[in-house]
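> mind looking at a prediction? Sequence and model below.
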Amino acid sequence: MKFQNLKLSQRTKLKSGKIVSEEIAKTWNSKKDWVEISCPVCNKGEFISAFEKNSFQYVECNHCKTLYAKNRPNQIELKNWFTKSESVKYWEGELLAKSAGSRDAKIVEPRSQWIFDSLAEYTTTSMEQKVNYLDISFFGKMLNQKVADKSNNFNIISAGITSEEETYTSKSINVNSLENLNDLSKFKNMDVVVAFDVFDRVESVHHLVKSLEKVIKPGGLLFATCPVSTGFEIQTLWDKSPSILPPDKLNFPSVNGLINLFNNSNAWSLLELSTPGMFDVELVKTELSSKTDLKLPRAINALLAGINKQGEGLFTEFLQSQRLSSFARIVLKHKNEKIF
């Protein structure tokens with residue numbers, strides 16, 4: 001799995017890529033149970049072919065420019081992959097276990113603070129009030145524990161499809177794992193829903209967001225993260241991007257596609273959509289230096305060939321300010337008015 005703001009060694013990336021590609025070939029030698037989808041963001045069916053990666057055919061939506069795998073394993077097969085595959089076991093051993101301290105400092109703690117700060121800014125919820133909190137993220141255990149440690153008033157449900165075997169000492173956390181992300185009907189009256197690394201794996205972001213209208217209370221918040229197709233790293237490297245590693249990342253929504261999806265809804269207010277990704281420039285530079293046959297536009301070569309650390313930092317800030325990094329974070333508020 002690729003976690004934003006965590007850098008992996010080249011050896012780890014090469015080994016993981018080899019394990020994934022070999023297991024995909026073995027697991028999905030036959031694709032008879034795969035499903036074919038329309039654009040997961042705008043739900044339109046017109047597209048142009050983009051490229052193939054590990055036998056997954058990616059296309060680009062003609063309407064919103066979302067990049068996605070048009071044919072893919074069904075939800076049951078994907079759950080089996082994320083809970084039982086050798087590839088995921090390798091990642092849990094090599095990345096999740098060995099980088100726990102770094103992930104806590106660089107990802108888990110900032111995300112927990114983002115959630116608490118957003119609750120304080122966008123709602124009237126007091127930290128002394130009970131908060132019904134649902135996490136449908138992949139591999140969300142560390143964040144759930146962090147949130148529970150920061151407040152005794154959160155009733156937390158860990159419901160991601162990878163949460164089945166999770167155990168917690170905190171009495172405020174209950175595990176109620178989903179079988180798939182297409183059906184959230186068993187959950188109601190949530191103040192907060194967290195969906196990290198979910199938009200990139202569901203069959204339909206459009207359907208998921210619609211379903212969450214019945215899950216989140218009016219005035220409640222939805223937090224989400226996902227990679228985006230319109231970021232500098234994805235647009236520059238395209239099929240050579242190390243971030244595109246199916247079946248981990250199947251959807252790369254465009255920023256405008258997401259904005260239009262949320263703004264066209266009568267149920268949601270878009271409070272935040274930012275792209276705080278930090279490593280777009282570094283990832284492109286690494287690929288350019290390690291792959292001598294990589295063909296990039298001359299302007300990109302000229303830009304990156306002479307850029308120093310200060311310039312790299314300034315360029316990264318520019319990409320972030322223009323929503324041109326390849327990783328997005330999102331806050332939506334379920335509108336207070338009753339929806340008819």
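Received the coordinates, thanks. Model, not experiment: these values are computed from the prediction.
> where does the prediction get shaky in this structure?
1-16, 95-97, 125-128, 336-340 (pLDDT under 70).
> helices of that one, start to end?
Here the chain has its helices, by DSSP state H, at 10-27, 75-84, 86-91, 100-103, 109-122, 141-150, 205-212, 232-237, 255-263, 280-290, 298-305, 309-321.
> phi and psi next, for the closest residue to Ser163 other than its chain neighbours.
Once flanking residues are discounted, Ser163 sits nearest to Ser177: 4.8 Å by Cβ to Cβ, 6 or more residues apart in numbering. Every C-beta, even on glycine, is put in place using the N, C-alpha and C of the backbone. Main-chain torsions, Ser177, degrees, to the nearest 10: phi -70, psi 140.
> quick revisit: out of the helices of the chain, nearest to His63?
helix 255-263 (8.0 Å; Cβ to Cβ).
> okay, now the residue nearest to Glu77 when sequence neighbours are not counted: neighbour count?
Nearest residue to Glu77 in three dimensions, chain neighbours excluded: Asp33, at 6.5 Å (Cβ to Cβ, 6+ apart). Asp33 has 10 neighbours, counted by other Cβ atoms under 10 Å.
> for Tyr133, same thing?
25.
> reformat the helices of the chain as JSON lines; add distance to Ser38 and mean neighbour count.
Output for the helices of the chain, formatted as JSON lines (distance: least, Cβ to Cβ, whole Å; neighbours: other Cβ atoms under 10 Å):
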{"stretch": "helix 10-27", "distance to Ser38": "23", "mean neighbour count": "15"}
{"stretch": "helix 75-84", "distance to Ser38": "16", "mean neighbour count": "16"}
{"stretch": "helix 86-91", "distance to Ser38": "28", "mean neighbour count": "18"}
{"stretch": "helix 100-103", "distance to Ser38": "35", "mean neighbour count": "13"}
{"stretch": "helix 109-122", "distance to Ser38": "31", "mean neighbour count": "16"}
{"stretch": "helix 141-150", "distance to Ser38": "31", "mean neighbour count": "20"}
{"stretch": "helix 205-212", "distance to Ser38": "9", "mean neighbour count": "20"}
{"stretch": "helix 232-237", "distance to Ser38": "21", "mean neighbour count": "22"}
{"stretch": "helix 255-263", "distance to Ser38": "13", "mean neighbour count": "19"}
{"stretch": "helix 280-290", "distance to Ser38": "28", "mean neighbour count": "18"}
{"stretch": "helix 298-305", "distance to Ser38": "32", "mean neighbour count": "12"}
{"stretch": "helix 309-321", "distance to Ser38": "30", "mean neighbour count": "14"}
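> angles on the backbone of the nearest residue to His207 once chain neighbours are set aside, please.
Spatial nearest neighbour of His207, excluding adjacent residues (Cβ to Cβ, 6+ apart): Asn182 at 7.0 Å. Dihedral pair for Asn182: phi -80, psi -20, per degrees, to the nearest 10.
> now do Gln129: how many residues are near it, please.
Quick note: Gln129 (other Cβ under 10 Å) scores 12 neighbours.
> same question for the one 3 residues further on.
The number of residues packed around Asn132, counting by other Cβ under 10 Å, is 19.
> residues touching it, list them.
Neighbour list for Asn132: Asn155, Ile157, Asn189, Met190, Asp191, Val192, Lys217 [criterion: Cβ atoms under 8 Å, 6 or more residues apart in numbering].
> filter these to the buried ones?
Using 16 or more other Cβ atoms under 10 Å as the burial test, those include Ile157, Met190, Asp191, Val192 as buried.
> in strands only, show me those residues.
Ile157, Met190, Asp191, Val192 (DSSP state E).
> what's opposite the first one in the beta bridge?
Bridge pairing for Ile157 (DSSP bridges) gives the partners Leu134, Asn174.
> correct me, but it touches Asn174?
Yes - counting by Cβ atoms under 8 Å, Asn174 is a contact partner of Ile157 at 5.5 Å.
> distance check, Ala299 against Lys249.
27 Å (Cβ to Cβ, to the nearest Å).
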